[in-house]
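A.B. asks: Next come a sequence and a model predicted from it.
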Amino acid sequence: KMAAKVNPNVEKMTSFIVMDVLERAKELQEKGVDVIHLEVGEPDFEPSDDVVVAGIKAFADGETHYTHSLGDVELRREIAKFYNSEYGVSVDEDMIVVTSGSSPAILMALQLLCEPGSEVIMTNPGYACYKNFTLAANAVPVPITVKAEDGFQYPIEALKAAITPKTRAIFVNSPMNPAGTLVSKETYAEIAKLGIPIISDEIYHGLVYNGTPVSVLEVTDNAFVLNGFSKRYAMTGLRLGYMIAPKKYMKYIQTMQQNLAICAPSMSQKAGIAALRYGEEDVKKRLEIYNERRVYMIDRLRKMGFVIETEPQGAFYIFANAKKFTNDCYKFAFDVLENAHVGITPGVDFGTNGEGYVRLSYANSLDNIKEALDRIEKYLKKC
């Protein structure tokens, strides 16, 4: 048999390790093992009642056909209104493309900006999939080391030094996955001065406990905003995201969307309208619950011997230094899963500089979090 021939960039892609952990956890669960999930970045809440009703009504009313390729105009107007009111920035409906989750938006932004051999700058550690999206766009990921003591923020001098004539974009994620830290307006402004398009991942806005989230659009128009409904509105399976882009690019984005996706799901878009109009009370209630879990988990992990140099200000993760317990966080995470029956994510999923760290999600009930940490504590005492 001939060996399969594939795009060399696809061969360079790494698995999304959190999914490897989840898949092994599900295998254990199928054998009757009680596993507690602290690995997955998915709200444990259901969508608001208004969202559910709107989705069901759309189905019942026959709203099951293609929408405009850029998205239901009513939804795009609500997104524009939201960005205007939340951040005081001027966004028109014709600067927005609605996508099936934010992932296709990431890929479209990179395909738009990059040609083969282009370079895209990202943090190390940082969201695991940026590197693989960049490879899928036939571009080269350029990781910049960010450190816990600096709040995992870009060191501006190192960022400047990394820019070459091939640089096409800089990823910024705030609140950041995995560490939950926020990028300040001053840092956004410093990055914007470099003149390179910023791809700003704002998917965790709405889940902020300390500080105020800044949109990149507050400091520059040379940016692509990624956002969606999965995290803020607990709508992960409805696969609804969007991108806000400079108007000069929109005809190209529309062409890509028409060809690659046609449109986002029509019923999910109706649910998205309801989320923006009526969902904020539930967002606030969930935020209080997340914060209670966050405070508990930080305190408990520290007492167990984990080091948390920077407390998360947003999202629903803690990036904990586990170097007291391991110098191989991949092996450690799978040992915890097999022996303590708790799913956690090894820090190397987020880049080489994540070695020695683990990410734990508090998108689970406080009772489950307490039980999971009891199990990890017992496991550590046996080691």
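C.D. replies: Nice, I can see it.
A.B. asks: in this protein, which spans are helices?
C.D. replies: Secondary structure of the chain by DSSP state H: the helices cover 8-12, 17-30, 49-60, 73-87, 103-113, 129-136, 156-162, 185-192, 250-260, 266-278, 280-304, 329-340, 366-382.
A.B. asks: Mean neighbour count, mean pLDDT and distance to G354 for these - can I get that in a markdown table?
C.D. replies: Every C-beta, even on glycine, is put in place using the N, C-alpha and C of the backbone. Formatted as a markdown table, those follow (neighbours: other CB atoms under 10 Å; pLDDT from 0 to 100; distance: least, CB to CB, whole Å):
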| stretch | mean neighbour count | mean pLDDT | distance to G354 |
| --- | --- | --- | --- |
| helix 8-12 | 11 | 86 | 18 |
| helix 17-30 | 16 | 92 | 10 |
| helix 49-60 | 17 | 97 | 34 |
| helix 73-87 | 17 | 97 | 30 |
| helix 103-113 | 22 | 97 | 20 |
| helix 129-136 | 22 | 95 | 12 |
| helix 156-162 | 13 | 96 | 17 |
| helix 185-192 | 17 | 96 | 21 |
| helix 250-260 | 15 | 97 | 31 |
| helix 266-278 | 22 | 98 | 32 |
| helix 280-304 | 16 | 97 | 16 |
| helix 329-340 | 19 | 96 | 7 |
| helix 366-382 | 16 | 96 | 19 |
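A.B. asks: Dump these to a markdown table, plus distance to T67.
C.D. replies: Output for these, formatted as a markdown table (distance: least, CB to CB, whole Å):
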| stretch | distance to T67 |
| --- | --- |
| helix 8-12 | 31 |
| helix 17-30 | 30 |
| helix 49-60 | 11 |
| helix 73-87 | 8 |
| helix 103-113 | 15 |
| helix 129-136 | 25 |
| helix 156-162 | 39 |
| helix 185-192 | 32 |
| helix 250-260 | 11 |
| helix 266-278 | 5 |
| helix 280-304 | 24 |
| helix 329-340 | 41 |
| helix 366-382 | 38 |
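A.B. asks: Can you say which of these is nearest to G41?
C.D. replies: helix 17-30 (7.5 Å; CB to CB).
A.B. asks: was I right about N364 contacting G41?
C.D. replies: No - distance between N364 and G41: 11.0 Å, which falls outside the contact criterion (CB atoms under 8 Å).
A.B. asks: out of the two, which sits in the more crowded spot?
C.D. replies: Taking other CB atoms under 10 Å, N364 and G41 do not tie; N364 has more neighbours (23 against 20).
A.B. asks: Can you check which residues contact both of N364 and G41?
C.D. replies: Residues touching both N364 and G41 by CB atoms under 8 Å, 6 or more residues apart in numbering: none at all.
A.B. asks: wait, what's in contact with the closest residue to K57 other than its chain neighbours?
C.D. replies: Once flanking residues are discounted, K57 sits nearest to K270: 7.3 Å by CB to CB, 6 or more residues apart in numbering. Remark: with contacts taken as CB under 8 Å, 6+ apart, K270 is in contact with A54, G55, K57, A58, E63, D72, L75.
A.B. asks: if we can go back for a sec, what's the closest of the helices of the chain to I244?
C.D. replies: helix 73-87 (6.9 Å).
A.B. asks: mind checking how far E186 is from Q153?
C.D. replies: Counting by CB to CB, to the nearest Å, the gap from E186 to Q153 is 10 Å.
A.B. asks: and if you look at S174?
C.D. replies: For S174, the distance to Q153 - CB to CB - is 9 Å.
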